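Asker: whatever this is, show me its structure:
(one chain, ligands or ions: 2)
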Amino acid sequence: MIKRNLVLVGAALTLLVASGCAVAQTSSEEEIGLRKTSLYAEEKTVADTTSYSKAAAGESKLIPRSFENAPPMISHDVEGMLPITRDYNACLDCHVPEIAPTINATSIPPSHYASFRPVAQNVGDQLKYDGKAIDNTSDVISVVHKRESLSGERYVCSSCHAPQSENAPLVENNFTPDFRSKDSIASSNLIDNLNEGL
Ligand code: HEC
Ligand code: HEC
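Answerer: Ligands and ions are numbered 1, 2, ... in the order given. Take a look at the predicted model:
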């Protein structure tokens, strides 16, 4: 019995030493942040300076799209254009389809002249869509309501389209997009293929 206990103690000690080694290989608390300064003191921590495109609208080089139907990022300077308010939206001046082609700007696509929200109604204690009872509006897939004018859901362009700062990424990005057609590398067609595969 004593002999067996000794064996057990020995095994436990081996385990302790082994796990001790494992602990020694992990990173210290100071090393786990993406920044290379102490996590406990802010004084010497300065964020990289942002460097946005200074090229004026009309003179900038388009930024490659991140993936098919990704919102394109803003390639030009937006000085004086942000924030977008109820009474001021400079983006519309140049990007509405009536103006954009005349100044070589990309037109706001048809998807922005539509709403994708199902218009459901509460009738008594039932949720109804198109006269039929449904459990949840998410059961109604990809309904498109075309609009005459820009949908309110798209008014604040900068919530999806943003200028990009030229900084070295802290973590390497290995993602490479697959575009199904050459056209989709530099333009979008979401409204046409929205229901694809459903
Ligand atoms: C004075 C006209 C003008 C204004 C105002 C303007 N843009 Fe542009 N925008 C352009 C032009 C022209 C281009 C094409 C690139 C170039 O020539 O600089 C462009 C390019 C873009 C692109 C890239 C499109 C693509 O196909 O990759 C986006 C996104 C964009 N603008 C969004 C905006 C947003 C959002 C605003 C408002 C904050 C805005 N623009 C205001 C003229 C303008
Ligand atoms: C809710 C997010 C969202 C908002 C808000 C939004 N967009 Fe977009 N935008 C997208 C996405 C996603 C795409 C690409 C897919 C598509 O065509 O719908 C896109 C595409 C575009 C394109 C490229 C069209 C093409 O043919 O390649 C332009 C230009 C554009 N948007 C301009 C604007 C402007 C200007 C506003 C503000 C009036 C705006 N967007 C508001 C998400 C948004």
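
Asker: tell me the pLDDT of Pro64.
Answerer: On pLDDT, Pro64 comes in at 93.

Asker: these two touch, right, it and Ile185?
Answerer: Yes - between Pro64 and Ile185 there is a contact at 7.3 Å, judged by C-beta atoms under 8 Å. C-beta coordinates here come from the backbone N, C-alpha and C atoms, glycine included.

Asker: just checking, Asn136 touches Leu127?
Answerer: Yes - using C-beta under 8 Å, Asn136 is in contact with Leu127, at 7.3 Å.

Asker: looking at these two, which is more packed in?
Answerer: Leu127 (17 against 10; other C-beta atoms under 10 Å).

Asker: circling back: find residues that contact each of Asn136 and Leu127.
Answerer: Residues touching both Asn136 and Leu127 by C-beta atoms under 8 Å, 6 or more residues apart in numbering: none at all.

Asker: any regions of this structure where pLDDT drops low?
Answerer: Regions of the chain meeting the criterion pLDDT under 70 cover residues 1-24, 141-142, 197-198.

Asker: same thing but at 90, please
Answerer: By pLDDT under 90, the low-scoring segments of the chain are 1-48, 115-145, 168-171, 189-198.

Asker: show me which residues of it are close to ligand 2?
Answerer: The chain has residues 69, 71-72, 91-92, 95, 106, 108-109, 111-112, 150, 154-157, 159-161, 187-188, 190 near ligand 2, with proximity defined as C-beta under 6 Å from any ligand atom.

Asker: mind listing which of those are in strands?
Answerer: If you go by DSSP state E, the residues of the chain next to ligand 2 have nothing in strands.

Asker: so which of the residues you listed belong to helices?
Answerer: Under the assignment DSSP state H, these contribute 91-92, 95, 190 to helices.

Asker: show me which of the residues you listed is closest to ligand 1.
Answerer: Distance to ligand 1 across those (C-beta to the nearest ligand atom) is lowest for Cys91, with 2.8 Å.

Asker: find the residue closest to Gln121 in space, skipping its chain neighbours.
Answerer: Lys128 (5.2 Å; C-beta to C-beta, 6 or more residues apart in numbering).

Asker: paired strands for the strand or helix carrying the one you found, with orientation please.
Answerer: Using DSSP states H and E, Lys128 maps to strand 126-129. Here strand 126-129 has these sheet partners by DSSP bridges: strand 121-123 (antiparallel), strand 132-134 (antiparallel).
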